[in-house]
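> sequence-free structure coming up:
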């Protein structure tokens, strides 16, 4: 009886040993002789290391900043070039003929204003205070001029909305240099101001300057 019991046991040992030896010789992992049911859980895929983003590094940030600065500089240079391209060329200086035409046109306009002034009626209530105020202001301006270029006031005449002042300077150069201040000055009598130098046949002779105060505002 004992022999019968030992025979199958030994046979099982021998069979298991042979199977394990064959598996070892084939390079397979030895496993149990019995097969087990496959599991339903999927085999996880191998995990690869995540790539390092170059933009997250300090060098990447500095590179982006440099690219932004270059782009801004390029845009600014493009805007400046476009602005320079749109700048109109400076006007050409007038020719001698154009200067003569402009002077003649200015004289014509001035004489038209003088005619309008002369046709105004006299309003003493406004004209007298306006005349005295202009005489005082222009006298102060004359006193401030150098003695060799100082002119004198021949008179001021006011009507209703306009006044005419006449100055005389020692020569053409003095008149040409000094008359702009009598146009640019801010007077107590608020008026438009236009001055014209009379033609000078002799530059060294005394020259008159007419200053027209027109379209004066009245209280």
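Received the coordinates, thanks. Since the structure is predicted, the reported quantities are computational estimates derived from the model, not experimental observations.

> Quick one: the helices in this structure, in order.
2-25, 58-86, 96-118, 124-143, 172-184 (DSSP state H).

> so which of the ones you listed gets nearest residue 214?
helix 96-118 (5.5 Å; CB to CB). From N, CA and C alone the C-beta is placed, and that goes for glycine too.

> Next, the buried residues of the closest one.
113, 114, 117 (16 or more other CB atoms under 10 Å).

> re the thing from before, in a markdown table: the helices of the chain, plus distance to residue 200.
A markdown table is the format used below for the helices of the chain (distance: least, CB to CB, whole Å):
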| stretch | distance to residue 200 |
| --- | --- |
| helix 2-25 | 131 |
| helix 58-86 | 44 |
| helix 96-118 | 13 |
| helix 124-143 | 20 |
| helix 172-184 | 4 |
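
> any idea which of those helices scores lowest on pLDDT?
Ranked by mean pLDDT, the helices of the chain end with helix 2-25 at the bottom, a mean of 40.

> quick revisit: could I get the buried residues of helix 96-118 as TSV with distance to residue 90?
Shown next, in TSV, are the buried residues of helix 96-118 (distance: CB to CB, whole Å):
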residue	distance to residue 90
113	32
114	35
117	37
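
> Which member of these is positioned nearest residue 193?
Nearest to residue 193 among those, with distances taken as CB to CB, is residue 113, at 10.9 Å.

> now the closest one: how far from residue 138?
From residue 113 across to residue 138, the span is 19 Å (CB to CB, to the nearest Å).

> Same question for residue 193.
Residue 193 is 11 Å from residue 138, by CB to CB.

> between the buried residues of helix 96-118, which is closest to residue 75?
Residue 75 has its nearest neighbour among the buried residues of helix 96-118 in residue 113, at 52.9 Å by CB to CB.

> Excluding chain neighbours, what is closest to residue 150?
Leaving out its chain neighbours, the residue that sits closest to residue 150 by CB to CB, 6 or more residues apart in numbering is residue 142, at 5.9 Å.

> How many residues are close by the one you found?
When neighbours are counted by other CB atoms under 10 Å, residue 142 registers 17.

> Which one's more surrounded, residue 193 and residue 138?
residue 138 (21 against 17).

> Could you find the closest non-adjacent residue to that one?
Closest to residue 138 by CB to CB, 6+ apart is residue 153, at 5.5 Å.

> bridging residues for that neighbour?
Beta bridges link residue 153 to residue 167 when assigned by DSSP bridges.

> residues shared between the contacts of residue 193 and residue 138?
Residues touching both residue 193 and residue 138 by CB atoms under 8 Å, 6 or more residues apart in numbering: residue 182.

> Against residue 176, how distant is the residue nearest to residue 138?
From residue 153 to residue 176 the distance is 18 Å (CB to CB).

> Okay, buried residues for stretch 120-135 please.
126, 127, 130, 131, 133, 134.

> Taking those residues, tell me the two that lie furthest apart.
126 and 134 (12.2 Å).

> Common neighbours of these two, please.
residue 158.

> so who does residue 74 touch?
Residue 74 neighbours (CB under 8 Å, 6+ apart): none.

> Which of the helices of the chain sits closest to residue 158?
Of all the helices of the chain, helix 124-143 comes closest under CB to CB, at 3.9 Å.

> Which strands or helices does that closest one pack on?
Judged by 3 or more CB pairs under 8 Å, 6 or more residues apart in numbering; DSSP states H and E, helix 124-143 is in contact with strand 152-158, strand 163-169, helix 172-184.
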